[in-house]
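**Q** Sequence and predicted structure are below.
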Amino acid sequence: MDATPSAPEQDTAIQTHPAHSPPTAQGNGSASAGVKVDDSAAVPCYANFCRVTGTPEEVVLDFGINTQPFTSSAEPIRVQQRVVLNFYTAKRMLRALELTLQRHEAAFGVVETDVQKRLVPGGKSEAAPSPH
């Protein structure tokens with residue numbers, strides 16, 4: 001990624017900052033660190049499913065809730081949110097997500113995406129006290 005984005009790229013910059021502190025002008029060191037954001041009209045949503053597709057000009061992210069994440073189901077996953085990005089913004093978002101995950105894993109440990117590797121034998125949590 002270029003250190004000095006062109007003028008059109010600056011208009012759609014993506015900011016990252018640790019969740020425990022507000023963004024600052026020094027922020028992440030990018031040219032967009034001083035961008036002001038009004039998120040008063042933002043609607044929060046949750047998704048445990050994301051499908052990534054695209055066209056020659058855009059990346060399409062579909063988000064929804066998979067009500068049967070551990071089994072296959074005949075019920076389709078209903079997409080509830082769709083975000084369409086140009087490839088420049090998608091690449092900046094990829095980098096922002098990488099930095100955010102690196103910070104999280106440095107503080108809390110590796111995020112294991114394979115459910116089978118996260119399972120504890122016997123179905124009991126290692127942190128749970130024994131019933132004795």
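**A** Arrived safely, thanks for sending.
**Q** In this structure, which helix is the longest?
**A** helix 87-108 (DSSP state H).
**Q** Give me the residues contacting the helix or strand following that helix.
**A** Using DSSP states H and E, the helix or strand that follows helix 87-108 towards the C-terminus is helix 115-118. Helix 115-118 has contacts (Cβ atoms under 8 Å, 6 or more residues apart in numbering) with 70, 112. The C-beta positions use only the backbone N, C-alpha and C, and glycine is treated the same way.
**Q** tell me which residues in helix 115-118 are buried?
**A** Buried positions in helix 115-118, judged by neighbour count with 16 or more other Cβ atoms under 10 Å: none.
**Q** tell me the average confidence for it?
**A** Average pLDDT, helix 115-118: 85.
**Q** quick one on the thing from earlier: and the longest helix of the chain, which residues are buried?
**A** Quick answer for helix 87-108 (16+ other Cβ under 10 Å): 88, 89, 90, 92, 93, 96.
**Q** Next one: the fourth one from residue 65, what distance?
**A** Meaning residue 92. The spacing between residue 92 and residue 65, counted by Cβ to Cβ, to the nearest Å, is 27 Å.
**Q** Please put the alpha-carbon coordinates of the longest helix of the chain into PDB.
**A** Extracted C-alpha coordinates of helix 87-108, given in PDB (Å, rounded to 0.1, in the frame of the first residue of the first chain):
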ATOM      1  CA  PHE A  87     -11.300  -2.000  -4.500                       C
ATOM      2  CA  TYR A  88      -9.200   0.900  -3.100                       C
ATOM      3  CA  THR A  89     -11.500   1.200   0.000                       C
ATOM      4  CA  ALA A  90     -11.600  -2.600   0.300                       C
ATOM      5  CA  LYS A  91      -7.800  -2.800   0.400                       C
ATOM      6  CA  ARG A  92      -7.700   0.000   3.100                       C
ATOM      7  CA  MET A  93     -10.400  -1.900   5.000                       C
ATOM      8  CA  LEU A  94      -8.400  -5.100   4.800                       C
ATOM      9  CA  ARG A  95      -5.400  -3.400   6.300                       C
ATOM     10  CA  ALA A  96      -7.500  -1.800   9.000                       C
ATOM     11  CA  LEU A  97      -9.000  -5.200   9.900                       C
ATOM     12  CA  GLU A  98      -5.500  -6.800  10.000                       C
ATOM     13  CA  LEU A  99      -4.200  -4.100  12.400                       C
ATOM     14  CA  THR A 100      -7.200  -4.400  14.600                       C
ATOM     15  CA  LEU A 101      -6.900  -8.200  14.800                       C
ATOM     16  CA  GLN A 102      -3.100  -7.900  15.500                       C
ATOM     17  CA  ARG A 103      -3.800  -5.600  18.400                       C
ATOM     18  CA  HIS A 104      -6.600  -7.900  19.800                       C
ATOM     19  CA  GLU A 105      -4.400 -11.000  19.500                       C
ATOM     20  CA  ALA A 106      -1.500  -9.200  21.200                       C
ATOM     21  CA  ALA A 107      -3.700  -8.400  24.100                       C
ATOM     22  CA  PHE A 108      -5.900 -11.500  24.400                       C
END
